[in-house]
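# Provided below for reference: sequence and predicted model.
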Amino acid sequence: MIEFFISCVVIIIFLLFAGVSPKWILIGGLWLMAGFFALMTIYIFVNLLLWLFTRKTKGEFLRIEKKAFSGSHAIYLIDGEEYPNTFIAETLFVRLYKKEKSVRLWQKKGKRFSLVFDVFSVVLMLTNLPIYIGATYAMIVSNTIIMANLLEN
């Protein structure tokens, strides 16, 4: 996380040395944040659509597996095979995962991939989608107002 902030500061300093106005840097940063919210909204929406085409199945929680780039994922045993959960394991829910307990899962098996959603993933998708839609809308509206005000002055 600290690397992200250091990178942002370095980029802002380079932009200032290049002669870019602080107004435009602010506008660009706000639109990047709005773009991030829009991408997260699309990501959650696509996963929610994929979840609608899954089949219910039973599985057994095995462990939380940490991966370098994609975070921690819950690993489930379904029909004798291990599958990672599609969403990362939320730190709030880690205590709720119970080993050696049969849980309800939703699975979509493809030729090259397999998607597995647990109850926590579904709860996160259903609660976060309206939040991200509202946040994206608010960011776009506020950015438009801020940009209009900054460009007037």
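Nice, I can see it. Numbers count the residues shown, from 1 in each chain.

# ok, L124 - how many residues close by?
L124: 19 surrounding residues under other C-beta atoms under 10 Å. All C-beta atoms are positioned from the backbone trio N, CA, C, and that covers glycine.

# Give me the buried positions along stretch 117-134.
F117, D118, F120, S121, V122, L124, M125, N128, L129, Y132 (16 or more other C-beta atoms under 10 Å).

# Columns secondary structure on top of the residues you listed, output as TSV?
As requested, the buried residues of stretch 117-134 are exported to TSV (DSSP: H, G, I helix; E, B strand; the rest coil):
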residue	secondary structure
F117	strand
D118	coil
F120	helix
S121	helix
V122	helix
L124	helix
M125	helix
N128	helix
L129	helix
Y132	helix
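
# so which pair among those is furthest apart in space?
Farthest pair in the buried residues of stretch 117-134 (C-beta to C-beta) is D118 and Y132. Separation: 20.2 Å.

# which one among the buried residues of stretch 117-134 gets closest to T41?
Comparing the buried residues of stretch 117-134 against T41 with C-beta to C-beta places Y132 closest, at 4.2 Å.

# mind checking how far that closest one is from F4?
20 Å (C-beta to C-beta, to the nearest Å).

# residues contacting the residue nearest the centre of the chain?
Ranked by distance to the mean C-alpha position of the chain (C-alpha atoms, centre = their mean), the top residue is M40 at 5.4 Å. Residues counted as contacts of M40 (C-beta atoms under 8 Å, 6 or more residues apart in numbering) are Y132.

# quick one: the strands in this protein?
Assigned by DSSP state E, the chain shows strands spanning 55-67, 71-78, 81-84, 102-109, 114-117.

# Next one: M40 from T136, what distance?
Separation of M40 from T136 (C-beta to C-beta): 8 Å.

# buried set for the helix or strand of the chain with the lowest mean pLDDT?
One helix or strand of the chain scores below all others by mean pLDDT, DSSP states H and E: strand 71-78, with a mean of 84. Using 16+ other C-beta under 10 Å as the test for burial, strand 71-78 gives S72, H73, A74, I75, Y76, L77, I78.

# Kindly report the same for stretch 42-59.
Across stretch 42-59, burial judged by 16+ other C-beta under 10 Å covers I44, N47, L48, W51, T54, T57, G59.

# I'm done for today, thanks for sticking with me.
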